[in-house]
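Participant: Give me coordinates for this.
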Amino acid sequence: SFAIALYLDEAYPDRPTLFGGDGGKAMARFIERWSQFTIHPYVAAVALTDLHDMQDEPNAAYFRESREQRYGKRLEEVVANRDAGLAAFRAALEPLRSTLTYQPFIGGEAPLFADYIVFGALQWGRIASPFQLLDDGDSIARWFERCLDLHGGIGRQVAAAA
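Facilitator: This is a model prediction of the structure:
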């Protein structure tokens, strides 16, 4: 969460910063909102049946009921449209894609909290559903691979959905 990142940055000033200063905090706030409006809705929609299927029966029943109420249709109907929305989703990532053609991370030469925000959303998609969100040749996919390798490759320790 943003609050935890702020706390860590302030409580451990001897550690590498998560924000790189006030400008990085402001950038991370923007990236957080952009991610919540651009990435999260599509990932949530494409992974609905996968998320449902990985739960035990009582939780799956609640998940189905609450999500079908939210979307106004059966989970299977929502997921059936994921291919149709893929091109628009990828197009909506163009500002990120363009940025990553100039620098290795959103934060510049090294990752900042803004990178972890977007990485977290895409990692959620990676572990929740086998649906391929990014084209392999995309600069975002290459950035995502770099993020998976950060901190000794801890991001790869969580298996991708099969």
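Participant: which non-adjacent residue is nearest the spatially most central residue of the chain?
Facilitator: Nearest to the mean C-alpha position of the chain, by CA atoms, centre = their mean, lies residue 121 at 1.3 Å. Excluding the flanking residues, the one nearest residue 121 by CB to CB, 6 or more residues apart in numbering is residue 39, at 4.2 Å. C-beta: built from backbone N, CA, C; applies to glycine.
Participant: Just confirm the one you found contacts residue 123, I think it does.
Facilitator: No - with contact defined as CB atoms under 8 Å, residue 39 does not count as touching residue 123 (10.9 Å).
Participant: who's more crowded, these two?
Facilitator: residue 39 (22 against 18; other CB atoms under 10 Å).
Participant: ok, now how distant is the more buried one from residue 142?
Facilitator: 17 Å (CB to CB, to the nearest Å).
Participant: likewise residue 25?
Facilitator: Residue 25 is 26 Å from residue 142, by CB to CB.
Participant: more neighbours, those two?
Facilitator: The residue with more neighbours, out of residue 25 and residue 142, is residue 25; 19 against 15, by other CB under 10 Å.
Participant: pLDDT wise, what is the more buried one at?
Facilitator: At residue 25, the model reports a pLDDT of 96.
Participant: List the residues that contact residue 161.
Facilitator: For residue 161, the contact set (CB atoms under 8 Å, 6 or more residues apart in numbering) comprises 50, 126, 127, 128, 129, 130.
Participant: Just say helix, strand or coil for the nearest residue to the last one once chain neighbours are set aside.
Facilitator: For residue 130, ignoring the flanking residues on the chain, the nearest one in space by CB to CB, 6+ apart is residue 161 at 4.7 Å. Each residue gets one of three states, and residue 161 gets coil by DSSP: H, G, I helix; E, B strand; the rest coil.
Participant: Helices of this protein, residue ranges please.
Facilitator: 2-11, 22-38, 40-46, 48-53, 57-71, 75-80, 82-92, 94-100, 113-128, 139-153 (DSSP state H).
Participant: In TSV: the ones you listed, plus distance to residue 107.
Facilitator: Below are these laid out as TSV (distance: least, CB to CB, whole Å):
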stretch	distance to residue 107
helix 2-11	13
helix 22-38	7
helix 40-46	20
helix 48-53	30
helix 57-71	33
helix 75-80	34
helix 82-92	21
helix 94-100	10
helix 113-128	5
helix 139-153	11
